[in-house]
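S.K.: Turn this into a model:
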Amino acid sequence: MAKLHFGNSSCQIEGVYVPVADVNLAAGEGVYFTHHVLLWKDPQVNVTTMPLAGGWKRLLAGMPLIMTQAVGPGHIAFSKDDPGELIPVPLQPGQSLDVREHLFLAATSNVEYDWFQTGVWFTTQNGNDTETHYPLGVFMDRFSAPQTPGLLMLHAAGNVFVRQLGPGQTILVKPTALVFKDPTVQMHLHFERPGAVFSGWGSWGNRYIWLRLVGPGRVAVQSVFDRIEGESRNIWRFSYATEQVW
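M.R.: You can find the predicted model right below:
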């Protein structure tokens, strides 16, 4: 079991199959979280609605408009109610982290939240019907610790693996497997396909749609990932992408 300290508080990661973050809050120190991940708490822990001046941003970014905060003293525990791995990420002053949507569990109250558009998309066409797909989601969440150290807790499916990319170094990952990246890591689509049997974007079954990540910085990938919506359809247009033909 991993135990982390922040301020005068601590967080104990418990369990393996469906892990739990057991937070022991000191008096006056707090965390914020999405309401559905609260597992249990001591009666004296004060849980209230978190005032969000930029609440509409969280709604747009796929996070609930109403966030919840808890202030100590006392214990409070969080669980995503799903098998996987719970990842505590310390944030140093001035450090930020870009996180794929719906992986956020909780964060210390001094961690700030924002969002940005991924800019990664492709459009499929069937006759006169077109549909735009966002393999990473339309938005990504960005968490930052502006002045004091903070702790960010994420929940990912399966196991999580972290890769440190050097300047200009790249890695290809399934878009739905990305957990987080440093803001210094750039990303775009990458297509791989066999040239011998190619006669249209949707005419063969062994085409690969990748997310190319370019360092420097950290990249975290989860071992469980979803199928990309629209992957096997006829691709008409797409955001900037590189390509490799076998």
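S.K.: and the closest residue to Gly195 other than its chain neighbours, what does it touch?
M.R.: Nearest non-adjacent residue to Gly195, counting by Cβ to Cβ, 6 or more residues apart in numbering: Val245, 4.1 Å away. For glycine as for every other residue, the C-beta is placed from the backbone atoms N, C-alpha and C. Shown in contact with Val245 (Cβ atoms under 8 Å, 6 or more residues apart in numbering): Glu192, Arg193, Pro194, Gly195, Phe198.
S.K.: Using CSV, lay out those together with secondary structure and pLDDT.
M.R.: Output for the contacts of Val245, formatted as CSV (DSSP: H, G, I helix; E, B strand; the rest coil; pLDDT from 0 to 100):
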residue, secondary structure, pLDDT
Glu192, strand, 88
Arg193, strand, 79
Pro194, coil, 74
Gly195, coil, 70
Phe198, coil, 47
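S.K.: now the residues you listed in a markdown table, with distance to Val37 and neighbour count?
M.R.: Below are those laid out as a markdown table (distance: Cβ to Cβ, whole Å; neighbours: other Cβ atoms under 10 Å):
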| residue | distance to Val37 | neighbour count |
| --- | --- | --- |
| Glu192 | 37 | 15 |
| Arg193 | 40 | 18 |
| Pro194 | 44 | 11 |
| Gly195 | 47 | 8 |
| Phe198 | 45 | 13 |
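S.K.: Closest one to Trp40 out of the residues you listed, please.
M.R.: Using Cβ to Cβ, Glu192 comes nearest to Trp40 of the contacts of Val245, at 46.9 Å.
S.K.: What sits closest to that closest one if chain neighbours are left out?
M.R.: Using Cβ to Cβ, 6+ apart, the closest residue to Glu192 is Tyr208 (4.3 Å).
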